[in-house]
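1. okay, sequence plus prediction incoming.
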Amino acid sequence: MISTTAAFAFSWVCGLVLYKLFTTGRRKKTYPPGPPTVSILGNAHIFPKKRAHIRLTEWSRMYGDIYSLMIGNGVVAVISSYAAVKELLDKQSSITGDRPNFHIGDVVTGGVHLAQMQSNDPNWSLMRKAARSMMTVPKCNEHLPIQRAEAIQFMHEILENPALYPKHAERYTYSVISSVVYGIRAPNLKGQEITDFYHFLDLWNRYNEPGRHPPVDLIPILKYVPMRWALWKREAKVVRNLRQAHYYSLLDRVQKRVDRGASFGAFMEQIVQDYESTGMDRELMASLGGGLLEGGSDTTSSYLKTLRLALVAFPEAQHKAHEEMDRVVGPDRLPELQDIENLPYIRAIIKEVQRWRPPAPLSLPHATSQDAHYGGYVVPRGATIFLNMWAIAHDDNLYENPEKFWPDRYIKAEFGTRDGVDVSAFRHTLGFGGGKRICPGINLANNSIQINTMNLIWAFDFLKMIDSATKRPIDVDVNNYTEALLISPNPFPCDMKVRSPQHAELINQALQESASTFQQFEDILP
Ligand code: HEM
């Protein structure tokens, strides 16, 4: 009897194992369609490691505006239409506003990070509320003087050393956010804060390269491998220590300023003062400031780098922009933010840069906390959702010749679309994500984008470099981009020349006049 029961149990276990092996990786009929799966892996073996947005876009052309990839038993849904974003991310935001598990990220951040935490975590709500209240339109308008002064310094840096444009763009974006958040600016590229920040960000990006780490989120037991055998743990610890030191040191400087009764109007001063009523401890405060610095730096500088690439590669657009700028603003003064209302072609350039090369082509991944529904399909609880901004922005059915940088499309139609396209679900903020996770920095980012696009077009000619041997212009490669989740152009040859001595003189003069604005952010006391 015992042997019969044992035999029965044994065959039952074998059957279960076989069933699991057979079904793991298989797509359920209720899920969105997708590429054929294989046992156990599903689609894991074909998931692109680099330039994922390009492959995911090819699949969206085959499977439609929602499809799924199976990673083992995990489901990844990829959406690539305005309608799908509206239905899934915006309308069902309460159940599609989580983030997928990201263990290595948690090790680096201690699990406390605005962009990574789950939306039911009360600390996420606390930080998110604070971030949003700090970056309303009126609050951002209060920071316009420093944003404008930094943009003038940016132009001046290009005048002095145009070859370092990408570095100047990074200094600009870091300095604006650091001034707004901490009241501490980065006056030049050699400063300790900016050097430290980009050092650990570079390390983190490199450590995150696909394939560098074991798949800890898929095979959780790997989390328990001891540190001495787990390179990823040692690397994550290095970044964690550098990151923590940086953000605690910035926070301490704000705390000391508040203690001595001074104020530079920085966001963190208020947070430090209110910490008892808000319930934010030191770790949360440090993480909040850090999340904003990280969220706003690479994204805004990516825009500025793409703007330069587009103007060099598409001289016709540059010519039209110069013509408009000369007509509306002229050479006798710098542009002001209000001028944007009278510069439709410059506004079209801004929209086209964001469509043509969105800094976050797959946005940041969302995750579902319950089953969500779209187009008759189920996106099950625990699934990851990618908003494929690239697929939407490069959809030939929506946009004529989508690969071309052609701002005129936005002069012809509000959303730049072909005639007859239904734009009822369209919105200009798609590049900033959706639902309850939509980027909280939109207003600050838009001010930076508008001020700098006007300034740079007003001040400079963007020219192709001349090859010293052949004396011919060197073409730029408009597809040579970095390969991470956030993309920006790799360095390319470009010659930026100030448009006249009068333009240079006005920039120098404006920089001198900005001295008093900068002075408010010179946090030199210990
Ligand atoms: C051109 C500039 C920018 C672009 C294209 C951009 C884009 C994005 C995108 C696509 C997301 C993900 C949204 C989602 O998951 O649905 C995001 C999130 C975020 N962004 Fe931005 N962003 C920009 C500027 C900024 C700035 C200036 C700040 C702060 C000062 C900022 C802070 C953040 C934060 C903290 C998050 C995470 C929000 C959360 O998970 O709750 N971003 N951004």
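-> Great, that's in hand.
2. show me what contacts residue 425?
-> By Cβ atoms under 8 Å, 6 or more residues apart in numbering, residue 425 lies in contact with 81-83, 85-86. Where C-beta positions appear, they are placed from N, C-alpha and C, glycine not excepted.
3. which residue sits closest to residue 162, ignoring its sequence neighbours?
-> Counting by Cβ to Cβ, 6 or more residues apart in numbering, residue 162 lies nearest to residue 496, which is 4.1 Å off, once chain neighbours are set aside.
4. I'd say the one you found and residue 157 touch.
-> No - counting by Cβ atoms under 8 Å, no contact exists between residue 496 and residue 157, whose distance comes to 11.0 Å.
5. picking up where we left off before, show the buried residues in the contacts of residue 425.
-> Among those, the ones that count as buried by 16 or more other Cβ atoms under 10 Å are 81-83, 85-86.
6. put together JSON lines for these, with secondary structure and pLDDT on each row.
-> Below are the buried ones among the contacts of residue 425 laid out as JSON lines (DSSP: H, G, I helix; E, B strand; the rest coil; pLDDT from 0 to 100):
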{"residue": "81", "secondary structure": "coil", "pLDDT": "98"}
{"residue": "82", "secondary structure": "helix", "pLDDT": "98"}
{"residue": "83", "secondary structure": "helix", "pLDDT": "98"}
{"residue": "85", "secondary structure": "helix", "pLDDT": "98"}
{"residue": "86", "secondary structure": "helix", "pLDDT": "98"}
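7. pick out whichever of these sits closest to residue 216.
-> Proximity of the buried ones among the contacts of residue 425 to residue 216, judged by Cβ to Cβ, is greatest for residue 85, which lies at 29.6 Å.
8. enumerate the residues of the stretch 401-526 of the chain near the ligand.
-> When proximity is defined as Cβ under 6 Å from any ligand atom, the stretch 401-526 of the chain approaches the ligand at 431-434, 437-441, 444-445.
9. among those residues, which two are most distant?
-> The span of those, defined through Cβ to Cβ, is set by 434 and 444 at 18.6 Å.
10. still on that earlier bit, residue 246: which of the contacts of residue 425 is nearest?
-> Here the nearest of the contacts of residue 425 to residue 246, counting by Cβ to Cβ, is residue 85; it sits at 34.4 Å.
11. and for the closest residue to that closest one other than its chain neighbours, the neighbour number?
-> Closest residue to residue 85 apart from its sequence neighbours, by Cβ to Cβ, 6+ apart: residue 434 at 5.2 Å. Counted with other Cβ atoms under 10 Å, the neighbours of residue 434 add up to 26.
12. need the contact list for residue 434.
-> Shown in contact with residue 434 (Cβ under 8 Å, 6+ apart): 85, 89-90, 93, 363, 387.
13. filter the residues you listed by proximity to the ligand?
-> residue 363.
14. of the contacts of residue 434, buried ones?
-> Among the contacts of residue 434, those buried by neighbour count (16+ other Cβ under 10 Å) are 85, 89-90, 93, 363, 387.
15. buried stuff in stretch 314-321?
-> In terms of neighbour count (16+ other Cβ under 10 Å), stretch 314-321 has its buried residues at 314, 317-318, 320-321.
16. do the same with stretch 357-375
-> 357-368, 372, 374.
17. for those residues, which one is nearest residue 162?
-> residue 357 (21.0 Å).
18. tell me the pLDDT at the closest one?
-> The model reports residue 357 with a pLDDT of 98.
19. could you look up the SS state of the nearest residue to it once chain neighbours are set aside?
-> Nearest residue to residue 357, sequence neighbours excluded (Cβ to Cβ, 6+ apart): residue 306, at 4.4 Å. Assigned with DSSP: H, G, I helix; E, B strand; the rest coil, residue 306 falls in the helix class.
20. and the gap between residue 306 and the ligand?
-> From residue 306 across to the ligand, the span is 10 Å (Cβ to the nearest ligand atom, to the nearest Å).
21. all helices of the stretch 251-400 of the chain, in order?
-> 267-273, 275-278, 282-313, 315-328, 344-356, 389-393 (DSSP state H, counting those that start in this stretch).
22. tell me if the first one is near the ligand.
-> No - legend: contact between helix 267-273 and the ligand by Cβ under 6 Å from any ligand atom is lacking; minimum distance shown is 9.4 Å.
23. what is the nearest of the buried residues of stretch 357-375 to residue 298?
-> Nearest to residue 298 among those is residue 359, at 7.4 Å by Cβ to Cβ.
24. which residues touch the residue of the stretch 51-200 of the chain found nearest the ligand?
-> In the stretch 51-200 of the chain, no residue comes nearer to the ligand than residue 115, which is 3.6 Å away by Cβ to the nearest ligand atom. Residue 115 sits next to 99, 291, 294-295, 364 when contact means Cβ under 8 Å, 6+ apart.
25. top of those residues by number of neighbours, please.
-> residue 291 (23 neighbours).
26. flag every residue of the stretch 101-250 of the chain that's near the ligand.
-> So the stretch 101-250 of the chain meets the ligand at 114-115, 128, 131, 177 (Cβ under 6 Å from any ligand atom).
27. pLDDT wise, what is the nearest residue to residue 82 once chain neighbours are set aside at?
-> In space, and not counting its chain neighbours, residue 82 is closest to residue 425: 4.0 Å by Cβ to Cβ, 6+ apart. You'll see residue 425 listed with a pLDDT of 97.
28. next one: phi and psi at residue 425?
-> Per-residue torsions, residue 425: phi -100, psi 0 (degrees, to the nearest 10).
29. quick one: it and the ligand, what's the gap?
-> On the measure of Cβ to the nearest ligand atom, residue 425 and the ligand end up 16 Å apart.
30. for residue 467, give me its contacts.
-> Each residue near residue 467 by Cβ under 8 Å, 6+ apart is listed here: 473-474.
31. how many other residues sit next to residue 122?
-> 9.
32. which residues in the stretch 1-150 of the chain form strands?
-> Using DSSP state E, counting those that start in this stretch, the strands of the stretch 1-150 of the chain run over 66-71, 74-79.
33. which helices and strands does the first one pack with?
-> Applying 3 or more Cβ pairs under 8 Å, 6 or more residues apart in numbering; DSSP states H and E, one finds that strand 66-71 contacts helix 52-63, strand 74-79, strand 377-379.
34. quick one: contacts of the second one?
-> The contact list for strand 74-79 (Cβ under 8 Å, 6+ apart) reads 27, 31-32, 42, 47, 56, 59-60, 65-70, 85, 88-89, 218, 374, 379-380, 382-388, 391.
35. filter these down to the buried ones.
-> 27, 31-32, 42, 47, 56, 59-60, 65-70, 85, 88-89, 374, 379-380, 382-388, 391.
36. quick check: buried residues in stretch 507-526?
-> For stretch 507-526, by 16+ other Cβ under 10 Å, it's 507, 510-511, 514, 517-518, 520-521, 523.
37. quick check, nearest of those residues to residue 450?
-> Nearest to residue 450 among the buried residues of stretch 507-526: residue 510, at 17.0 Å, using Cβ to Cβ.
38. and that closest one, what does it touch?
-> Applying Cβ under 8 Å, 6+ apart to residue 510 gives the contacts 152, 334.
39. and it, how far is that from residue 452?
-> 14 Å (Cβ to Cβ, to the nearest Å).
40. ditto for residue 399
-> 25 Å.
41. show me where the stretch 101-250 of the chain has its helices.
-> With helices called from DSSP H, counting those that start in this stretch, the stretch 101-250 of the chain shows them at 103-109, 122-134, 137-142, 144-160, 165-182, 192-207, 231-259.
42. packing partners for the third one?
-> Using 3+ Cβ pairs under 8 Å, 6+ apart as the contact criterion, the secondary-structure elements in contact with helix 137-142 are helix 442-459.
43. after the helix it packs on, next one along is what?
-> Per DSSP states H and E, the first helix or strand lying C-terminal to helix 442-459 is strand 460-463.
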